[in-house]
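> please find the sequence and the predicted model below.
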Amino acid sequence: MVQYIDLKSQYARLKDRIDGNIAAVLDSGQYVLGQAVKDFETEIGEYLNVRHAIGVSNGTDAIIMALLGLELTPKDAVFVPSFTYVATAEAILMGNATPVFVDVDEKTFNIDLADLEARIEAVKKAGKLTPRAVIAVDLFGQPADYTALGELAAAHDLFVIADAAQSIGGKSGNRMIGSLADCTTTSFYPTKPLGCYGDGGMIFTDNDRLAEIYRSIRAHGEGEHRYDVVRLGMNARLDSIQAAVLSAKLQIFEDELDARERVARIYDAHLKDVVTIPARVPDSRSAWAQYTVQADDRDALRAHLAEDNLVSMVFYAKPMHLQKAYEAHGEGVGSVPVSERLADRVLSLPMNPYLSEEDVHRVCERILDFYK
Ligand SMILES: *Cc1c(COP(=O)(O)O)cnc(C)c1O
């Protein structure tokens, strides 16, 4: 059986370490935040070379917190790709601001900076909203172009949030994702490249003042003391057991990233003539949360794989500006065309560090068979 994501093999490999770490938390009597969370925050902060790593409840809350830190109002615009997971758009409304949907680059799946600039100008011209922030999503594991985005954001005085829920472990040049934006958020949901055994997330920044604000928001807006409430906050703390699991997994994470890259290379080599393989962002490393191709007759291909018990997934079948809950903030069909086209063409193939070469070849052969 080819596993789409294989958490059982990973647990078998790490069982002693994970069980030991969890037992230590149970013995400690500290179950929310506590020493295990502090230790993991230090370990991952050093790994990513970022000054502050703040453990939170999940990746969605991390984005909401990043926006609450800006004290926005519904008259403030936050730009976001339409081709993303719902959490990115949801967080903007939960953060009290208004989303403006932007298209993505057809090759990299990441925010299209020419389209972003056009939409910033359009918002300014319309005069109803004030552009305040942009959320870039490192979709499927590859970094957005934070150098060019940073310049565009500076020119328009926008705060840059990186939604790195799929890309922790990825790199841009020799810099790890985590310190490439004003604030970076991630998720440790079990199926993410670095996942725990429940919900978890993190918010990263090099800015001391912002870090203090995020730590306060994480605990109901506390100030100097626990019963001194200085801002609107949330209950957004990370559990100690989840942090203990993550500490164990972080130790083999680089090895797992190498294994994901090996899987991607086999897919690339075999599939490049029949589907559009994922374009590599130059001078970067993907965390390969997903290996996503663009395919003609996508749904029939998916059915052909399923007939042979091979699981594939569609991320994402409908862009945000066409979703019922968000359509009031969009301009309907045709308004974000690349996102709409990708929604009909993308297919994500089994991707995890524990796939054997034979597994990957089996998937490739089945796809080649479909286009024969
Ligand atoms: C998973 C994901 C999130 C949300 O993370 P949760 O921990 O599930 O809340 C946000 N953005 C993207 C791009 C994601 O893939």
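Perfect, I can see it now. None of these values were measured; they are calculated from a predicted model.
> for whichever residue of the chain sits closest to the ligand, what are its contacts?
The ligand sits closest to residue 59 of the chain, with a gap of 2.5 Å, by C-beta to the nearest ligand atom. The way it works is simple: take the backbone N, C-alpha and C, and place the C-beta from them, glycine included. Residue 59 makes contacts with 87, 163, 165, 185-189, 192, 201, as judged by C-beta atoms under 8 Å, 6 or more residues apart in numbering.
> restricted to helices, list those residues.
residue 87 (DSSP state H).
> which of the contacts of residue 59 are close to the ligand?
Restricting these to those near the ligand by C-beta under 6 Å from any ligand atom leaves 87, 163, 165, 187, 189, 201.
> how deep is the fifth one tucked in, by neighbour count?
Other residues within reach of residue 189 by the criterion other C-beta atoms under 10 Å amount to 18.
> ok, the second one next?
Here the neighbour count serves as a burial measure; for residue 163 (other C-beta under 10 Å) it reads 29.
> re the thing from before, so which of the contacts of residue 59 belong to strands?
If you go by DSSP state E, the contacts of residue 59 have 163, 185-187, 201 in strands.
> out of these, which end up buried?
163, 185-187, 201 (16 or more other C-beta atoms under 10 Å).
> which one of these is nearest to residue 262?
Within those, the smallest distance to residue 262 is 23.5 Å, found for residue 186 (C-beta to C-beta).
> my guess is that closest one meets residue 204, correct?
Yes. Shown here, residue 186 and residue 204 form a contact pair, counting by C-beta atoms under 8 Å, at 7.5 Å.
> spit out the residues that contact these two alike.
Counting by C-beta under 8 Å, 6+ apart, the residues touching both residue 186 and residue 204 are residue 178.
> residues in contact with residue 246?
With C-beta under 8 Å, 6+ apart, residue 246 has these contacts: 40, 44, 188, 194, 196, 200.
> count of neighbours near the residue nearest to the first one when sequence neighbours are not counted?
Counting by C-beta to C-beta, 6 or more residues apart in numbering, residue 40 lies nearest to residue 243, which is 4.0 Å off, once chain neighbours are set aside. Residue neighbour count, defined by other C-beta under 10 Å, stands at 27 for residue 243.
> isn't residue 243 up against residue 37?
Yes. The criterion here is C-beta under 8 Å, and residue 243 meets it with residue 37 at 4.3 Å.
> and for residue 132, nearest residue in space, chain neighbours not counted?
residue 76 (4.3 Å).
> one step back: for the residue of the chain closest to the ligand, phi and psi?
Main-chain dihedrals, residue 59, degrees, to the nearest 10: phi -70, psi -30.
> and residue 123, how many neighbours?
Neighbours around residue 123, by other C-beta under 10 Å: 18.
> ok, now which ones touch it?
77, 100, 129, 131.
> for it, helix, strand, or coil?
Assigned with DSSP: H, G, I helix; E, B strand; the rest coil, residue 123 falls in the helix class.
> shaky segments in the stretch 251-372 of the chain?
The model of the stretch 251-372 of the chain has no residue with pLDDT under 70.
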